[in-house]
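A.B. asks: below: sequence and its predicted model.
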Amino acid sequence: MRLGVIVMCPWNLNRVVRAYAPDVLFIGWDARVWTRIAFRVWWSVFSLEGRARHHQLPIVVGIAQRLDDLHWLSRQHVHGIVADIDRITAVGDEP
(Lines give C-alpha, C1' and ligand atoms only; values in the text may rest on other atoms or scores of the structure.)
Protein backbone atom coordinates (compact mmCIF):
# COMPACT_ATOMS: atom_id res chain seq x y z
CA MET A 1 0.00 0.00 0.00
CA ARG A 2 1.26 3.49 -0.83
CA LEU A 3 1.30 6.27 1.74
CA GLY A 4 0.43 9.87 1.04
CA VAL A 5 0.76 12.53 3.71
CA ILE A 6 -0.88 15.93 3.92
CA VAL A 7 1.50 18.68 5.03
CA MET A 8 -0.02 22.07 5.73
CA CYS A 9 3.08 24.00 6.79
CA PRO A 10 5.94 23.86 4.28
CA TRP A 11 8.59 24.07 6.99
CA ASN A 12 7.39 20.64 8.20
CA LEU A 13 8.10 18.85 4.90
CA ASN A 14 11.56 17.57 5.81
CA ARG A 15 10.44 16.31 9.23
CA VAL A 16 7.37 14.55 7.82
CA VAL A 17 9.35 12.88 5.03
CA ARG A 18 11.95 11.63 7.52
CA ALA A 19 9.33 10.41 9.99
CA TYR A 20 6.89 8.69 7.63
CA ALA A 21 8.75 8.01 4.34
CA PRO A 22 5.64 8.75 2.23
CA ASP A 23 5.21 7.88 -1.42
CA VAL A 24 3.36 11.14 -2.20
CA LEU A 25 3.28 14.59 -0.59
CA PHE A 26 -0.02 16.47 -0.51
CA ILE A 27 0.28 20.17 0.28
CA GLY A 28 -2.05 23.12 0.08
CA TRP A 29 -4.07 25.66 1.95
CA ASP A 30 -7.32 25.73 3.87
CA ALA A 31 -10.49 27.80 3.40
CA ARG A 32 -9.02 30.98 4.92
CA VAL A 33 -7.92 33.52 2.31
CA TRP A 34 -4.64 34.33 4.06
CA THR A 35 -3.47 30.69 3.85
CA ARG A 36 -3.90 30.70 0.07
CA ILE A 37 -1.91 33.93 -0.16
CA ALA A 38 0.79 32.62 2.20
CA PHE A 39 1.05 29.39 0.16
CA ARG A 40 1.61 31.28 -3.07
CA VAL A 41 4.12 33.68 -1.50
CA TRP A 42 6.12 30.85 0.10
CA TRP A 43 6.21 28.71 -3.05
CA SER A 44 7.01 31.72 -5.23
CA VAL A 45 10.23 32.04 -3.24
CA PHE A 46 10.92 28.31 -2.74
CA SER A 47 10.40 25.94 -5.67
CA LEU A 48 7.74 23.22 -5.50
CA GLU A 49 9.53 21.47 -8.33
CA GLY A 50 12.79 21.69 -6.37
CA ARG A 51 11.17 20.19 -3.26
CA ALA A 52 9.81 17.29 -5.30
CA ARG A 53 13.26 16.71 -6.78
CA HIS A 54 14.94 17.02 -3.36
CA HIS A 55 12.63 14.45 -1.75
CA GLN A 56 12.29 12.39 -4.94
CA LEU A 57 8.52 12.36 -4.40
CA PRO A 58 5.55 13.55 -6.41
CA ILE A 59 3.81 16.61 -4.97
CA VAL A 60 0.07 17.08 -5.31
CA VAL A 61 -1.44 20.47 -4.40
CA GLY A 62 -4.96 21.47 -3.44
CA ILE A 63 -7.56 22.35 -3.11
CA ALA A 64 -7.68 24.87 -5.93
CA GLN A 65 -10.94 26.80 -5.86
CA ARG A 66 -10.16 29.45 -8.45
CA LEU A 67 -9.11 29.32 -12.07
CA ASP A 68 -6.20 31.58 -11.16
CA ASP A 69 -4.99 28.88 -8.74
CA LEU A 70 -5.01 26.30 -11.54
CA HIS A 71 -3.06 28.59 -13.86
CA TRP A 72 -0.46 29.45 -11.22
CA LEU A 73 -0.04 25.82 -10.13
CA SER A 74 0.29 24.62 -13.73
CA ARG A 75 3.44 26.74 -13.98
CA GLN A 76 4.93 25.20 -10.81
CA HIS A 77 5.59 21.75 -12.34
CA VAL A 78 3.77 19.76 -9.64
CA HIS A 79 2.70 16.16 -10.13
CA GLY A 80 -1.00 16.92 -9.70
CA ILE A 81 -3.60 19.43 -8.59
CA VAL A 82 -6.82 18.71 -6.71
CA ALA A 83 -9.45 21.19 -7.87
CA ASP A 84 -12.96 21.96 -6.66
CA ILE A 85 -14.40 22.19 -10.17
CA ASP A 86 -17.92 22.99 -8.94
CA ARG A 87 -16.59 25.98 -7.03
CA ILE A 88 -14.40 27.15 -9.93
CA THR A 89 -17.26 27.01 -12.43
CA ALA A 90 -19.76 28.51 -9.94
CA VAL A 91 -17.82 31.78 -9.93
CA GLY A 92 -17.96 31.92 -13.72
CA ASP A 93 -14.47 30.63 -14.51
CA GLU A 94 -14.06 28.07 -17.27
CA PRO A 95 -11.60 25.21 -16.62
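C.D. replies: Received, thanks. Numbering: from 1, shown residues only.

A.B. asks: could you use CA atoms for every contact and neighbour count after this?
C.D. replies: Will do.

A.B. asks: so the residue nearest the centre of the chain is in which element?
C.D. replies: Taking Cα atoms, centre = their mean, the centroid of the chain lies closest to Val61, which sits 2.3 Å from it. Taking DSSP states H and E as the criterion, Val61 maps to strand 59-64.

A.B. asks: re the thing from before, for the residue nearest to the centre of the chain, which residues are in contact?
C.D. replies: 26-28, 73, 78, 80-82 (Cα atoms under 8 Å, 6 or more residues apart in numbering).

A.B. asks: which of the residues you listed sit farthest apart?
C.D. replies: Greatest spatial distance in these: Phe26 and Leu73, 13.4 Å, computed using Cα to Cα.

A.B. asks: bridging residues for Val61?
C.D. replies: Ile27, Ile81 (DSSP bridges).

A.B. asks: give the buried residues for the helix or strand bottoming out on mean pLDDT in the chain.
C.D. replies: Every helix and strand in the chain was compared by mean pLDDT, DSSP states H and E; the lowest is helix 85-90, with a mean of 82. Of all the residues in helix 85-90, those buried under the rule 16 or more other Cα atoms under 10 Å are 85, 88.

A.B. asks: going forward, count from 625.
C.D. replies: Sure, I'll start numbering at 625, so the last one becomes helix 709-714.

A.B. asks: hmm, back to that, buried residues in the strand holding Val685?
C.D. replies: 683-688.
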